[in-house]
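1. Turn this into a structure:
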Amino acid sequence: MAATSPSSHAATTGSSHDPNRPRPDPAASPCSHATTPQPGPNIESIHMSSAADSSQQFQVEVQVQSYLTIVEGRKVYQRGRTWSFAMDRALSMDNIKQAVEENFQWSNDQRMTIWYGSGDDVVPLISESEIAQLFDRCVGSRMLRFGVTIENIQQNNGPTNVTIDDENDQPVHAPFFAWPKQAYEGEYEDDEPVGFNEENKYFPDEEKAEPEVVVARVPLGTLDVPNSYDAQHVVGDDEKVPPMYIHDRNNPQIEVGATFPNSKSFKVALRQLAIREDWAFITEHSDTKRFNGRCTDQDCPWKIHAYKIKNASTFMVSKLPFIHTCGSVNCSKGMANRKWLADKGKAAIQHDSTVSAKQLRENLQKEFDIKLQYSDVWKGRALALDQLQGTYMENFQLLWSFRAELLAANPGSIFEIDIKTATNKKGDIVHYFNRLFIAFEPCIDGFLAGCRPYLGVDATFLTGKYTGQLAAAIGVDGHSWMFPVAFGIFEKENTENWVWFMQQLKLAIGDPPGLAIHTDACKGLENAISKVYPDCEHRECMMHLMLNFKKKFKGDILDNMWPASWTYEVEKHVALMAEIEAKSPEALAYLRKEHNRVWMRSIFSAMTKVEYVSNNLAEVFNNWVRDYKMLALVEFLDKLRDMIMQMRAKRRLVGEGMQGYILPSVIKELNQKSKGLHYLEARASPTLAEISGNGWRHTVDLEKKECSCRRWQICGKPCTHALRFIFSKKAKLEEYVDESFSVARFKAAYEGILMPIRGRSQWPKVNPGFDMIPPKLMRSAGCPRTRRIKNYSEGGTGRKHKCKRCGQLGHLKKTCKEPEIDSDADRDATPSPR
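-> Numbers count the residues shown, from 1 in each chain. A predicted model of the protein is given here:
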């Protein structure tokens, strides 16, 4: 990529002042005391006379703002630099431009702007006369400072709404410059962001449209069929080879001489044509060798005859003497049978594996203008799933082949299948599937090398025929993006299954120093962690704690719970808990007995560098896989493997385009938080200071990277008090951010490649020596739920049941203890005693 030429900047530097464009920090001054020169771009093109009087020289400092640009089709973070050089009054705008262009590159839709000024009067450099005026103003300090920004050419004159992609396009803040306030409207919210699929923001040019699927001119048939002719058969002189037809699946060609791979394909095609053209037929004779059919209308002469070609499975239409003379009929009852619905369902599932029976029914009714029963569509879709993914029984036996293929492609990964044996009524020993555990080697190595020692553990129910639980252990990287470490499947959440899962997890990742494990209110999981990881920091989800707490306690006492959890200061937490105890001593006793895990930030370990008080990480993973939980077991595991593989590949590309020490997003976040801090600073030494505000004061130690508010120690990123001190010193922000948020750690997390695997037809045939059968299904009556019922505080409807006996809300008839309402009595009458 060629750098923009100096001439291309003439219009930029000559434009009027735009208040919305990036500009230097108001605290900086163009006339500053001299600083130590730093290595910078080659400035040999800035000519100076060797005999020039040193008393006429000025120290010129140029600082280039970090920025994002496009290199070879992908975003690249260009780190800014600052350098100084000696120069006399011969300095010109072209000298500065040329020096920058020799060492920095940017795309054609970006421009370079030179800034100068002090306080609130920071403006772009427009003319050479302004440089001469600067020399006159800075005679005393003999120091000139200029800032350079690389920005997008398209700018608006007023405040604009910055989208996610726009924010990523903004250069990262450096100590000398500040970005316009419009980019950071609104207060900084102390939330707990957890991201998935956010790596897609780094690929704005990626087409989001679905890939075009060509469905026309494909071989007709519901199953993969062998070649129409026997390869060993030699065609005789008296035999004619019929032409092979390629049919449109939705509009097949039925004519004399048309051929089909087998009899099943022929019948499906004939039924498809009948539904498409709105007529119906009845079968007079059908076997493996021939087919005879006629129109259901007695007055219509249409009929058809087809037969199987000798020494082949091919079916060919031999007779079709008449055309239809009948009118429209309601063909949905007879023609849209289970096999036709399975054929349509198979095509729909291949396009979208998450399509439901309801969606399939709506699409077919709209496309073919017919009425279909939901039960028929459901059965047809189930048959299509069996054909595509294997039957329910086959899926569990196929686990052994899937395991062998995955471990062969990714050696070092863990794939454990646990079975249990029982004796059936005949006295034979049978082997049931019990549970499984999977941890890919790249995920294990990435978690240990690049992620913070924190895991969110939770389980979510599967919605397919097997209604087991999907358990997962999820980490978090420096971007605060979720990082799948391991997952498993078992029948139900109990202590036994959770202990087994945590034991397998410990075999995979060991016991990292400072490990924190976050869980929901699940007693089985709590017991398992206490047994397997007794020394870890066991955090309890504050959201679930509050749901339980609200059931027992009401009123003002609730106002202190979240602040007590959020505060980093031990003293504040103790004061808030004292208020709770004063209002309700029973509440404090309840918390100590029922919720004695870690749920307050004030006692978080400083080694973890994660400040989450709620187990949002596991909830994000559950939402990520929600649309695929109805798939067959092997199909779901393979889909989950594919999702993790693609996610890691994208994030690896994001990491390859990054430069510098700390992640740009972290620097940008801290720069945003540093805006508008009206704190007072009292410096005790170059590294120690008091930062105070309205009624509070904290001490900051830059050398130890500590603040008395404890947020810096817990999060690993400087708090606002530390930021005030750091920016006032003009220090490098990157030096005060924990190494957990470094570019190197992010790259290490995604360095390992999760290798792809082959299709299931190529998997090794593994015989474990027994047939592993599915566990006995424990299913309640009615249609199974695909989504859990949300609590009112989680966005649920909050509806209550109405008793049919007494008419009151909140309970059912079978548990009613209220007087029964007499149906014949007046509405105002007192209910008769029960």
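2. chain center to the longest helix along the chain: distance?
-> Assignment by DSSP state H gives helix 633-656 as the longest helix of the chain. Put simply, helix 633-656 sits 11 Å off its chain's centre (Cα atoms, centre = their mean, to the nearest Å).
3. average pLDDT for the next helix or strand after that helix?
-> Per DSSP states H and E, the first helix or strand lying C-terminal to helix 633-656 is helix 664-673. Computed over helix 664-673, the mean pLDDT rounds to 92.
4. How about stretch 499-510?
-> Per-residue pLDDT values over stretch 499-510 give a mean of 96.
5. returning to what we had before: other SSEs contacting the longest helix of the chain?
-> The contact analysis (3 or more Cβ pairs under 8 Å, 6 or more residues apart in numbering; DSSP states H and E) places helix 633-656 against helix 392-409, helix 441-450, strand 482-490, helix 743-749. Bear in mind the C-beta positions are built from the backbone N, C-alpha and C, glycine included.
6. Just give me the lowest mean pLDDT stretch among the ones you listed.
-> helix 392-409 (a mean of 90).
7. If you compare the directions of that helix and strand 482-490, what angle comes out?
-> For helix 392-409 against strand 482-490, the angle by axes from the mean of the first three to the mean of the last three Cα atoms, to 10 degrees is 140 degrees.
8. Would you mind listing the buried residues in helix 392-409?
-> Within helix 392-409, the residues that count as buried by 16 or more other Cβ atoms under 10 Å are 392, 395, 396, 397, 398, 399, 400, 401, 402, 403, 405, 406.
9. now swap in stretch 280-300 and tell me
-> In stretch 280-300, counting by 16+ other Cβ under 10 Å, buried: 280, 281, 291, 293, 294, 295, 296, 297, 300.
10. quick one: the first one from residue 326, how far?
-> Using Cβ to Cβ, to the nearest Å, we find residue 280 at a distance of 9 Å from residue 326.
11. Then the last one?
-> Spatial separation of residue 300 from residue 326 under the definition Cβ to Cβ is 4 Å.
12. cool, the second one as well?
-> Summarising the geometry, the distance separating residue 281 from residue 326, computed by Cβ to Cβ, is 10 Å.
13. Could you name every residue contacting both of those two?
-> Common contact partners of residue 281 and residue 326 (Cβ atoms under 8 Å, 6 or more residues apart in numbering): 295, 302.
14. circling back to that earlier point, tell me the angle the longest helix of the chain makes with helix 392-409.
-> Orientation check (the same axes, to 10 degrees): helix 633-656 against helix 392-409 gives 30 degrees.
15. Just the CA coordinates for helix 633-656, please, in PDB.
-> Provided in PDB are the C-alpha atoms of helix 633-656 (Å, rounded to 0.1, in the frame of the first residue of the first chain):
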ATOM      1  CA  LEU A 633     -26.500 -36.000  19.900                       C
ATOM      2  CA  VAL A 634     -23.600 -36.600  17.500                       C
ATOM      3  CA  GLU A 635     -24.900 -33.800  15.100                       C
ATOM      4  CA  PHE A 636     -25.000 -31.400  18.100                       C
ATOM      5  CA  LEU A 637     -21.500 -32.200  19.300                       C
ATOM      6  CA  ASP A 638     -20.100 -31.900  15.700                       C
ATOM      7  CA  LYS A 639     -21.900 -28.500  15.300                       C
ATOM      8  CA  LEU A 640     -20.500 -27.300  18.600                       C
ATOM      9  CA  ARG A 641     -17.000 -28.400  17.500                       C
ATOM     10  CA  ASP A 642     -17.500 -26.500  14.200                       C
ATOM     11  CA  MET A 643     -18.600 -23.400  16.000                       C
ATOM     12  CA  ILE A 644     -15.600 -23.400  18.300                       C
ATOM     13  CA  MET A 645     -13.200 -24.100  15.300                       C
ATOM     14  CA  GLN A 646     -14.500 -21.100  13.300                       C
ATOM     15  CA  MET A 647     -14.600 -18.800  16.300                       C
ATOM     16  CA  ARG A 648     -10.900 -19.600  17.100                       C
ATOM     17  CA  ALA A 649      -9.900 -19.000  13.500                       C
ATOM     18  CA  LYS A 650     -11.600 -15.600  13.300                       C
ATOM     19  CA  ARG A 651     -10.100 -14.500  16.600                       C
ATOM     20  CA  ARG A 652      -6.700 -15.700  15.500                       C
ATOM     21  CA  LEU A 653      -6.900 -13.400  12.500                       C
ATOM     22  CA  VAL A 654      -7.900 -10.500  14.800                       C
ATOM     23  CA  GLY A 655      -4.800 -11.200  16.900                       C
ATOM     24  CA  GLU A 656      -2.500 -11.300  13.900                       C
END
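16. for it, which positions count as buried?
-> 633-641, 643-645, 647-648, 650-652, 654-655.
17. How about stretch 722-733?
-> 722, 723, 724, 725, 726, 727, 733.
18. now swap in stretch 89-99 and tell me
-> 91, 93, 95, 96, 97, 98, 99.
19. cool, and stretch 522-538?
-> 522, 525, 526, 527, 528, 529, 532, 533, 536, 537, 538.
20. What's the mean pLDDT across it?
-> pLDDT averaged over stretch 522-538 gives 92.
21. Chain neighbours aside, what residue packs nearest to residue 443?
-> residue 485 (5.4 Å; Cβ to Cβ, 6 or more residues apart in numbering).
22. residues in contact with residue 553?
-> 584, 586, 587, 590.
23. at 6 Å instead, please
-> residue 587 (Cβ atoms under 6 Å, 6 or more residues apart in numbering).
24. Just send the buried residues of stretch 522-538 back as a markdown table, with distance to residue 613 and secondary structure too.
-> Shown next, in a markdown table, are the buried residues of stretch 522-538 (distance: Cβ to Cβ, whole Å; DSSP: H, G, I helix; E, B strand; the rest coil):
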| residue | distance to residue 613 | secondary structure |
| --- | --- | --- |
| 522 | 17 | coil |
| 525 | 18 | helix |
| 526 | 17 | helix |
| 527 | 22 | helix |
| 528 | 22 | helix |
| 529 | 17 | helix |
| 532 | 23 | helix |
| 533 | 19 | coil |
| 536 | 17 | coil |
| 537 | 13 | strand |
| 538 | 13 | strand |
